[in-house]
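Asker: Predicted model follows, preceded by the sequence.
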Amino acid sequence: MLFKFLVSYEDALKLILENVKPVEQREKVGIEELVGRVLAEDVQANIFVPPFDRAAMDGYAVKAEDTYGATSTKPKVLRLVGVLSAGKRADKVVGKGECVEVATGSPIPAGADAVVMLEFTEKVGEEVHVFKPVYPGANISPVGEDIRRGEIVLKDGEFLTPAKIGVLASLGRREAYVYRKPRIAIVPTGAEVKEPGSRLGEGEIYDVNSYTLISVLSQNGAIPVRFPPAPDVFDELGKLVKILVKEYDMVVFSGGSSVGEYDLLAQVVEKFGRILFHGVQIKPGKPTLFGLVDGKPIFGMPGYPTSCLSNAYLLLIPAVRKMARLPPKPKKVVKAKISQRVVLGSGRAQFLTVKIEGDKAIPVFKESGAITSMANADGYIFLPTNLDVLEAGEEVEVTLLE
């Protein structure tokens, strides 16, 4: 059996994004849990923010006309008739020639139309000397200055940052509707794969991929659910796939996507659904599969840890973020000089892991089965198919992993 529907990396990503659909269901979530979620409603303000005229500075609430002509040598003298702090009710009325001491955030008492900043005044007993005139509205945040009642302040589909959660809090909202996180099943394949913590027998290995994939998916808006390793048995894989696509939004297998006698995932997907590609022209990571069963995306990730994780960065993260309605993950790119000559010529694009030391990018790739190729890397260089060699000292762009 050969790789079916072998495609370039660019075509693989295009096929994935064309066939992965965003989640539609929404749920109501408390404000403490909203950060990083995607809003599933338009938020209309039902109050003004601020809900009253308030002092923007510490000072004295005055009638502006009472300060006209004030100078540092000839201050205007006003009678102090009260003190207001933030959170207190403004029950005083400011008459002509009067003032009320206010703190930042205090409501403006009736009769006042400006605030004189504290540094331009001097309190003398029950009088306040004003050394600088103010105009009507000076140092006052008027009602609704920030948000007007009836205004749409947040829209369906917005990614909720701390600042946007602050907007919800300013409106008195304790909860909001958000799109639910996609639930993704993770299934390792192969009888030789054992869960960490168990005792290894001869020829057995610990399951690395499930736990790197859980981390990747959790960081990108999904709820991963790990299943026990499924043996390389066609009928059992088929039954499992049919069950999982009913209960989960996406199913991700690791291993079982190559072309060996016991790598049966492609046959299962072909029988119960449709293969969109089987094999990607990229190194490492060629044995990658993507298809649909009952409309649900099925990924077959490579069994080797470096191949699995590198293709998770290149192919799986964009799929999951689209499903979760998150914006594409921004790339952090730095320029560096490759530390040594790198010969390519594989006929495939290459994901070359590197460590950054000063202005040097030092290749750390060992082989596809070595998870330390990723653990020791700061980033990767994506090398296109038509590039045969990188000479030592050439400038390269390194995409940082984290």
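Answerer: Received it, and whenever you're ready, just let me know what you need. Numbers count the residues shown, from 1 in each chain.

Asker: which ones are touching L39?
Answerer: Neighbour list for L39: 154-160, 164, 176-179 [criterion: C-beta atoms under 8 Å, 6 or more residues apart in numbering]. (Glycine included, C-beta is placed from N, CA and C.)

Asker: Kindly recompute the last result at 7 Å.
Answerer: L39 makes contact with 154, 156-158, 160, 176, 178 under the criterion C-beta atoms under 7 Å, 6 or more residues apart in numbering.

Asker: so what's A349 up against?
Answerer: Neighbouring residues of A349 by C-beta under 7 Å, 6+ apart: 9, 281-282, 382-385.

Asker: do that again at 10 Å, thanks
Answerer: Going by C-beta atoms under 10 Å, 6 or more residues apart in numbering, A349 touches 8-10, 280-283, 285, 314, 382-387.

Asker: ok, of those, which one's closest to K28?
Answerer: Proximity of these to K28 (C-beta to C-beta) peaks at L314, which lies at 34.9 Å.

Asker: Was I right to think that closest one contacts A12?
Answerer: Yes: shown here, L314 and A12 form a contact pair, counting by C-beta atoms under 10 Å, at 8.5 Å.

Asker: shared neighbours, these two?
Answerer: Residues touching both L314 and A12 comprise 280, 282, 285, 288, with contact defined as C-beta under 10 Å, 6+ apart.

Asker: Farthest-apart pair in those residues, please.
Answerer: Among these, the pair separated by the greatest distance (C-beta to C-beta) is I282 and T288, at 8.0 Å.

Asker: Looking at the two, which is more packed in?
Answerer: Looking at I282 and T288 with other C-beta atoms under 10 Å, you find the greater number of neighbours at T288, namely 29 against 25.

Asker: Just give the nearest non-adjacent residue to that one, would you?
Answerer: In this structure, T288 finds its nearest non-sequential neighbour in V280, 4.8 Å apart by C-beta to C-beta, 6 or more residues apart in numbering.

Asker: quick one: contacts for the one you found?
Answerer: Residues in contact with V280, defined by C-beta under 10 Å, 6+ apart, are 3, 5-13, 286-290, 302, 311, 314-315, 348-349.

Asker: neighbours around F227, how many?
Answerer: Neighbours of F227 (other C-beta under 10 Å): 16.

Asker: Any idea how far the helix or strand harbouring Y380 is from the middle of the chain?
Answerer: Element membership of Y380 [criterion: DSSP states H and E] is strand 379-383. Using C-alpha atoms, centre = their mean, to the nearest Å, we find the averaged C-alpha position of strand 379-383 to lie 22 Å away from the chain's own average C-alpha position.

Asker: List the strands paired with that strand, with their directions.
Answerer: Partner strands for strand 379-383, per DSSP bridges, with pairing direction: strand 349-357 (antiparallel), strand 395-400 (antiparallel).

Asker: next structured bit after that strand?
Answerer: Note on strand 379-383: by DSSP H and E, the next helix or strand toward the C-terminus is strand 389-390.

Asker: re earlier: now do the strand holding Y380: everything it contacts.
Answerer: So strand 379-383 is in contact with 9, 282-283, 310, 313-314, 331-334, 336, 338, 342, 344, 346, 348-356, 361, 363-365, 373-374, 389-390, 396-402, going by C-beta under 10 Å, 6+ apart.

Asker: Recalculate using a threshold of 7 Å.
Answerer: Outside strand 379-383, the residues within contact range by C-beta under 7 Å, 6+ apart are 344, 349-354, 356, 361, 396-401.

Asker: from those residues, which is closest to I205?
Answerer: Each of those was scored against I205 by C-beta to C-beta, and T353 proved nearest at 21.2 Å.

Asker: from what I can see the closest one touches S373, true?
Answerer: Yes: using C-beta atoms under 7 Å, T353 and S373 qualify as a contacting pair, with a distance of 5.3 Å.

Asker: what sits in contact with each of the two?
Answerer: Among the neighbours of T353, those also in contact with S373 (C-beta under 7 Å, 6+ apart) are 364-365.

Asker: K132 is in contact with T121, isn't it?
Answerer: No: because the distance of 8.5 Å does not satisfy C-beta under 7 Å, K132 is recorded as not touching T121.

Asker: neighbour count winner among those two?
Answerer: Just comparing K132 and T121: by other C-beta under 10 Å the higher neighbour count belongs to T121, 23 against 16.

Asker: For that one, give me its contacts.
Answerer: Remark: with contacts taken as C-beta under 7 Å, 6+ apart, T121 is in contact with 59-60, 128-131.

Asker: what about the strands in the stretch 251-400 of the chain?
Answerer: Here the stretch 251-400 of the chain has its strands, by DSSP state E, counting those that start in this stretch, at 274-278, 282-283, 289-293, 296-301, 333-338, 342-343, 349-357, 360-363, 379-383, 389-390, 395-400.

Asker: can you put those in TSV and add distance to V187 and mean pLDDT?
Answerer: Listed next are the strands of the stretch 251-400 of the chain as TSV, based on distance: least, C-beta to C-beta, whole Å; pLDDT from 0 to 100:
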stretch	distance to V187	mean pLDDT
strand 274-278	17	95
strand 282-283	23	90
strand 289-293	13	97
strand 296-301	10	97
strand 333-338	34	96
strand 342-343	35	88
strand 349-357	24	92
strand 360-363	32	94
strand 379-383	26	93
strand 389-390	37	89
strand 395-400	29	95
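
Asker: could I get those strands as a markdown table with distance to K194?
Answerer: What follows is those, written out as a markdown table (distance: least, C-beta to C-beta, whole Å):
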| stretch | distance to K194 |
| --- | --- |
| strand 274-278 | 27 |
| strand 282-283 | 28 |
| strand 289-293 | 24 |
| strand 296-301 | 18 |
| strand 333-338 | 38 |
| strand 342-343 | 36 |
| strand 349-357 | 26 |
| strand 360-363 | 31 |
| strand 379-383 | 29 |
| strand 389-390 | 39 |
| strand 395-400 | 33 |
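
Asker: List just the one of these that sits closest to N209.
Answerer: Taking C-beta to C-beta, strand 296-301 is the member of the strands of the stretch 251-400 of the chain nearest to N209, at 6.7 Å.

Asker: Pull out the buried positions in the strand holding Y380.
Answerer: Across strand 379-383, burial judged by 16 or more other C-beta atoms under 10 Å covers 379-383.

Asker: my guess is R26 contacts K181, does it?
Answerer: No: the pair R26 / K181 is not scored as a contact, 11.1 Å apart, by C-beta under 7 Å.
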